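> what would the 3D arrangement of this be:
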Amino acid sequence: MKFREIIRVSLNSLRTNMLRSLLTMVGIIIGVAAVIAIVAIGKGSTATITSQINSMGNNLLMIYPYAPYDGSSSMSFNQTKGISLEDIEALEQQKAVAEVAPSAMTNADITWSRNKVNGQIEGTSLGFVHVRKLSLAQGRSFTHYEVDKRLNVAVLGSDAARNIFGPDASKAIGEIIMIKQLPFKVVGVLANSNSNMNNSGQQVYVPITTGMERLGNMSIQQVNASATTEDKIDQASAQIRQVLRVRHELKPSEGDDFQIMTQTEILKTVSGVDRVMNMLLIGVAAIALGVGGVGIMNIMLVSVTERTREIGIRKAIGAQRSDIMLQFVAEAVFLSLMGGLVGVMVGLGGAKLLEKFVQMPIVYSMEPVVYSFLCCMGVGVLFGVYPARKASKLRPIDALRYE
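Sure thing, here's the model as predicted:
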């Protein structure tokens, strides 16, 4: 049989049983659509996180008050000493460390006039604006005096300012807001920062000394520090580790009860998570494509039974076993590829809807589309061979007698 004739007969067979063909393709459609949509979402999220980390500069260090878990450490979270304000003061004295910005957070009601919102209060130091690469739209940050004297002053994130003062947040400077029924004077408002981490626009920042003493239930959960220059980030990390080990009275045989992460390590962690997600996607796609392949094999076996007399007639007029086998394999491949095509359209459409209505970052690429079509072709061949062989082995006399 000519290849063009094989294609024509295959498409005619699929068109004759359109509903059955569509139901058979459901597994293929689900598998391909899931891969296309989730890969686009995953790549978008990874790109966004990477951009946010890069926007914070190449000299950033993040310090966490718990030991890195390696599966063998005997130190639990409750056994760690945490990070104190005295530790922060000691870190600020290190030569390779430019600035240190601790972070202690709590949720509280914030009121101004008749407006009342629930917001996240973050206690930090005056260096948080520089460490996190933020900028002020109005006013100023804290001063050393305000931090040392535990004064009730606040810097509002851009979104927090709008939530409290409405669309016209320019009047925020100098106003008194109430946090846990304590008065705080607004001294600054941050500019919009869509590329920065930690949702800086949603926060209300207060001096960490004020927060830990007067707002209660606040402890240092993270410390952001910056090295003096990018090439001194390893030196800064070593100095921070040495200071904290000495202050926490750790023996040489004991592991750290804190964790220091550089920007490179954070990016490696993000890449690791991305790889795990890709492996999970491969598993989901494999299961869905396997189910779709079983459906294709089942429908092709039914098709062989229904077309037994047709096979007998073809063999009687000279068709070879290879012709019959190629015909049914081609039909299985077409069925799988059509499912893949519909799956690609469903996946791209679903990702586009998420991008539009849920505001999720999406990054499209051709790789999952190409791999999906290759997998669909492989599934069609793999699950179409057995029915095709069964059809090709039929004896013409038995096939012609079949009713």
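> point out where the stretch 101-250 of the chain drops to low pLDDT.
Applying pLDDT under 70 to the stretch 101-250 of the chain picks out residues 193-201.
> can you rerun that using 50?
Counting by pLDDT under 50, the stretch 101-250 of the chain contains low-confidence ranges at 195.
> strands of that one, start to end?
For the stretch 101-250 of the chain, applying DSSP state E, counting those that start in this stretch gives strands covering 115-124, 136-139, 153-156, 176-179, 182-190, 203-207, 222-227.
> which other helices and strands does the second one contact?
Pointing back at strand 136-139 there. strand 182-190 (3 or more C-beta pairs under 8 Å, 6 or more residues apart in numbering; DSSP states H and E). The C-beta positions use only the backbone N, C-alpha and C, and glycine is treated the same way.
> now do the buried residues in the strand it packs on.
By neighbour count on 16 or more other C-beta atoms under 10 Å, the buried set for strand 182-190 is 184, 186-190.
> same question, stretch 357-370
Residues of stretch 357-370 classed as buried: 361-363, 368-369 (neighbour count, 16+ other C-beta under 10 Å).
> again, but for stretch 219-232
Result for stretch 219-232 [16+ other C-beta under 10 Å]: buried residues 220-228, 232.
> who touches stretch 297-309?
Under the criterion C-beta atoms under 8 Å, 6 or more residues apart in numbering, residues 13, 17, 20-21, 24, 311, 328, 331-332, 335, 383-384, 386-388, 390-391, 394, 399-400, 402 lie in contact with stretch 297-309.
> kindly provide the distance from Ser219 to Ala33.
From Ser219 across to Ala33, the span is 45 Å (C-beta to C-beta, to the nearest Å).
> whoops, Gly255 was the one
Relative to Ala33, and taking C-beta to C-beta, Gly255 is found at 46 Å.
> what do you get for Arg247?
Arg247 sits 54 Å away from Ala33, going by C-beta to C-beta.
> neighbour count for these two, which is higher?
A direct count of neighbours by other C-beta atoms under 10 Å for Arg247 and Ala33 places Ala33 higher, at 25 against 15.
> ok, the more buried one to Gly347 distance?
Distance check for Ala33 against Gly347: by C-beta to C-beta, it reads 4 Å.
> Thr305: how many residues sit nearby?
Neighbour tally, Thr305, other C-beta under 10 Å: 12.
> what residues of stretch 341-361 count as buried?
So for stretch 341-361, counting by 16+ other C-beta under 10 Å, buried means 341-344, 346-348, 350-351, 354-355, 361.
> just checking, what's the longest helix in the chain?
For the chain, the longest helix by residue count, based on DSSP state H, is helix 263-306.
> ok, then the element right after that helix?
For helix 263-306, the following helix or strand on the C-terminal side (DSSP states H and E) is helix 308-316.
> now that following helix: average pLDDT?
Per-region confidence: helix 308-316 scores 81 on mean pLDDT.
> one more: stretch 60-77?
pLDDT averaged over stretch 60-77 gives 68.
> go on, stretch 395-403?
Across stretch 395-403, pLDDT averages out at 71.
> contact partners for the nearest residue to Trp112 once chain neighbours are set aside?
Counting by C-beta to C-beta, 6 or more residues apart in numbering, the nearest residue to Trp112 once its immediate chain neighbours are dropped is Ile177, at 4.7 Å. Residues near Ile177 by C-beta under 8 Å, 6+ apart: 110-112, 154, 164, 183-184, 186, 204.
> same thing with Val187?
Counting by C-beta under 8 Å, 6+ apart, Val187 has contacts 139-142, 153-155, 173.
> what of Met25?
By C-beta under 8 Å, 6+ apart, the contact set of Met25 is 292, 295, 335-336, 338-339, 342.
> let's see it at 7 Å
292, 335, 338-339, 342 (C-beta atoms under 7 Å, 6 or more residues apart in numbering).
> which one of those residues sits closest to Tyr66?
Checking the contacts of Met25 against Tyr66 with C-beta to C-beta, the nearest one is Gly292 at 45.0 Å.
> dump stretch 106-118 to CSV, keeping only the CA atoms.
Presented in CSV, the C-alpha positions along stretch 106-118 are these (Å, rounded to 0.1, in the frame of the first residue of the first chain):
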residue,chain,number,x,y,z
THR,A,106,3.5,39.0,63.9
ASN,A,107,0.0,39.7,62.8
ALA,A,108,-2.0,42.6,64.3
ASP,A,109,-5.0,44.9,63.7
ILE,A,110,-4.0,48.3,62.4
THR,A,111,-6.4,51.2,62.8
TRP,A,112,-6.4,54.8,61.6
SER,A,113,-9.4,57.0,61.9
ARG,A,114,-12.3,54.6,61.1
ASN,A,115,-10.2,52.3,59.0
LYS,A,116,-9.2,48.9,60.5
VAL,A,117,-7.2,46.3,58.7
ASN,A,118,-5.3,43.2,59.7
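> contact partners of it?
In contact with stretch 106-118 (C-beta under 7 Å, 6+ apart) are residues 119-121, 163-165, 175, 177-180, 204, 215, 217-218.
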